[in-house]
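Next input, structure requested:
(one chain, ligands or ions: 2)
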Amino acid sequence: FVKSYPKKSYAASTMELMKLLEVEDELVDNLNGYVKTLKIKFNLMERSLIDMSIEHNEMKSEYESYLGNPLNSFRLIHRLHTSWRKWYQYAIRIENNALVHIENARLMRKMLPTSSDLQQACRGIHDLMSFYDLKPEELAAGNLAGHSQPETGLTAYDCLALGEFSVQKRKDDLAEAWYNLSLNRFENKFDKYRVHKAWAILLAKNKQFTEAFHHFENKPEEIVASNEVIHFEEELATKQNCTAVVQKPSRLHCRYNTSTTPFTRIAPLKMEELSLDPYMVVFHDVVYDTEIDGMLNSSNFVLSLTDSGQKSEVRTSKDSYIVDAKSLNERVTDMTGFSMEMSDPFSLINYGLGGHYMLHYDFHEYTNTTRPKQGDRIATVLFYLGEVDSGGATIFPKINIAVTPKKGSAVFWYNLHNSGAMNLKSLHSACPVISGSKYVLTKWINELPQMFVTPCMKDSNLHLPQKE
Ligand SMILES: O=C(O)CCC(=O)C(=O)O
Ligand SMILES: [Fe+2]
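Ligands and ions are numbered 1, 2, ... in the order given. Coordinates of the predicted model:
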């Protein structure tokens with residue numbers, strides 16, 4: 001039987017809190033009832049199991065004389081034949097009186113404190129802390145402004161909840177103190193991991209990726225890496241790549257490209273291969289100073305820099321679209337052999353102090369229904385239009401490549417596999433500019449127009465991209 005209580009806010013008054021004591025009494029009664037019923041079942045099963053093993057062990061120690069007796073053999077067969085069924089049925093039987101208790105406990109849910117009660121209770125503790133200058137360590141130890149009552153100390157779960165509340169209130173230092181207390185109180189590795197994860201998310205929000213990552217070092221093996229962990233790994237790789245001073249020398253080679261188009265026969269392009277998967281090449285001196293000056297001084301671009309600019313978490317830069325770039329479109333065809341039909345216009349990006357572009361893919365992850373007729377972005381060409389004194393590299397953390405911007409050069413890479421599937425190794429990011437001003441011109445090349453251009457595409461049939 002479940003009593004009903006008018007439900008008010010529990011944290012608001014002592015009167016209301018007293019009702020909660022009764023609620024807890026009742027809940028404990030119900031759960032005790034449940035445990036009692038289960039105990040009866042447990043005892044019964046345990047007792048008959050003991051009987052069974054006694055006989056079994058006797059038989060094992062002297063099996064020849066035991067089984068020499070036909071009555072024993074009969075009993076062995078009979079026992080195993082019937083008791084299996086009995087055991088099985090007893091084990092799967094649902095104890096009705098146990099269920100009644102559980103159902104009662106379920107019905108009591110409407111009398112239990114809600115998340116808003118918990119929120120208010122957390123706020124109460126927070127207010128106490130700020131009024132009386134109390135520290136999480138003191139509260140957790142049951143020390144209330146000099147009145148120490150260790151038995152009122154907080155549990156690991158309490159500390160975790162207060163930590164989560166502090167995060168909401170943007171009191172990150174407090175949150176870390178609570179998480180630390182919670183971590184010290186938990187014994188179980190899975191519980192500990194819960195705290196580590198919450199802590200790491202908090203640190204990552206503040207861009208402290210290295211510190212965040214430390215919290216995953218003791219991840220229990222049983223737990224599959226969550227998206228968060230994968231994300232941190234990538235962010236960390238980005239950071240390491242951005243801070244790496246030395247650029248990895250290419251194991252591949254440099255050569256002159258004289259064969260893509262008739263133009264390259266007259267004016268070969270200097271190519272440096274950086275990677276085979278995804279295929280990636282740097283072209284040196286491929287866009288000329290006069291072209292660069294023309295673009296950077298064009299009134300459209302200059303105007304775009306004076307407006308409020310783009311404020312986004314993903315990319316802190318200002319950009320604008322260049323419409324007329326016929327000769328550069330032809331250059332891209334000379335470099336890549338790709339047709340520029342249906343290609344997106346060039347995108348000119350200028351990064352200022354600390355300007356960066358978070359990890360991303362250039363493909364769209366189109367689905368069957370959202371896929372436009374030009375297909376996905378098969379490849380990207382990125383021209384560097386300025387010299388960056390420090391920072392600003394374009395990095396590919398999955399393949400450990402950092403491309404340093406050099407005025408007049410361009411990097412070209414594939415975003416999709418030959419099959420049309422997304423190549424996840426094309427993940428990239430632009431590191432923050434430390435000093436200098438970075439100008440890049442991006443050309444995203446679409447799939448469909450390449451159908452008759454590149455032999456690599458013949459097996460593709462423009463499959464939908466698939467994550468590997
Ligand atoms: O600026 C860079 O280095 C990278 C730009 C980029 O990834 C893009 O435009 O898609
Ligand atoms: Fe990109």
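
quick one, domains of this protein?
10-111, 115-223, 254-459 (automatic domain parsing).

which residues of the stretch 1-150 of the chain fall in strands?
143-144, 147-148 (DSSP state E, counting those that start in this stretch).

Setting aside sequence neighbours, what's the nearest residue to Gly124?
Ala11 (5.8 Å; C-beta to C-beta, 6 or more residues apart in numbering). Placement of C-beta: from N, CA and C, glycine included.

contacting residues around the one you found?
Counting by C-beta atoms under 8 Å, 6 or more residues apart in numbering, Ala11 touches Leu17, Pro113, Asp117, Gln120, Ala121, Arg123, Gly124.

redo that, cut-off 7 Å
Residues near Ala11 by C-beta atoms under 7 Å, 6 or more residues apart in numbering: Asp117, Gln120, Ala121, Gly124.

and Asp117, how many residues sit next to it?
Asp117: 18 surrounding residues under other C-beta atoms under 10 Å.

mind checking how far it is from ligand 1?
Distance of Asp117 to ligand 1, given as C-beta to the nearest ligand atom, to the nearest Å: 48 Å.

same thing with Lys205?
Taken as C-beta to the nearest ligand atom, the span from Lys205 to ligand 1 is 23 Å.

burial count for that residue?
For Lys205, the count of nearby residues is 12 (other C-beta under 10 Å).

picking that back up, just the buried ones among the contacts of Ala11, please.
Buried positions within these, assessed by neighbour count (16 or more other C-beta atoms under 10 Å), are Asp117, Ala121.

What pLDDT does the model give the spatially most central residue of the chain?
For the chain, the residue nearest the mean C-alpha position is Glu228 (2.1 Å; C-alpha atoms, centre = their mean). pLDDT, Glu228: 71.

so what's it up against?
Glu228 touches Lys197, Ile201, counting by C-beta under 7 Å, 6+ apart.

name the element it belongs to?
Counting by DSSP states H and E, the element that carries Glu228 is helix 227-243.

Please enumerate the helices of the stretch 51-200 of the chain.
Here the stretch 51-200 of the chain has its helices, by DSSP state H, counting those that start in this stretch, at 63-68, 70-92, 96-107, 115-132, 136-140, 156-168, 172-185, 189-205.

Number of residues surrounding Thr152?
When neighbours are counted by other C-beta under 10 Å, Thr152 comes out with 12.

thinking it is in contact with Gly142, fair?
Yes: Thr152 lies in contact with Gly142 (C-beta atoms under 7 Å); the separation is 4.1 Å.

how much space between Ser347 and Arg194?
Separation of Ser347 from Arg194 (C-beta to C-beta, to the nearest Å): 42 Å.

so which of the strands of the stretch 1-150 of the chain gets nearest His101?
His101 sits nearest to strand 143-144 of all these, at 36.4 Å, using C-beta to C-beta.

Sheet partners, orientation included, of that closest one?
strand 147-148 (antiparallel) (DSSP bridges).

List the contacts of the strand it pairs with.
Gly142.

so how far is that strand off the chain centroid?
Centroid separation for strand 147-148 versus its chain: 43 Å, with C-alpha atoms, centre = their mean, to the nearest Å.

Stretch 197-208 now?
Put simply, stretch 197-208 sits 12 Å off its chain's centre (C-alpha atoms, centre = their mean).
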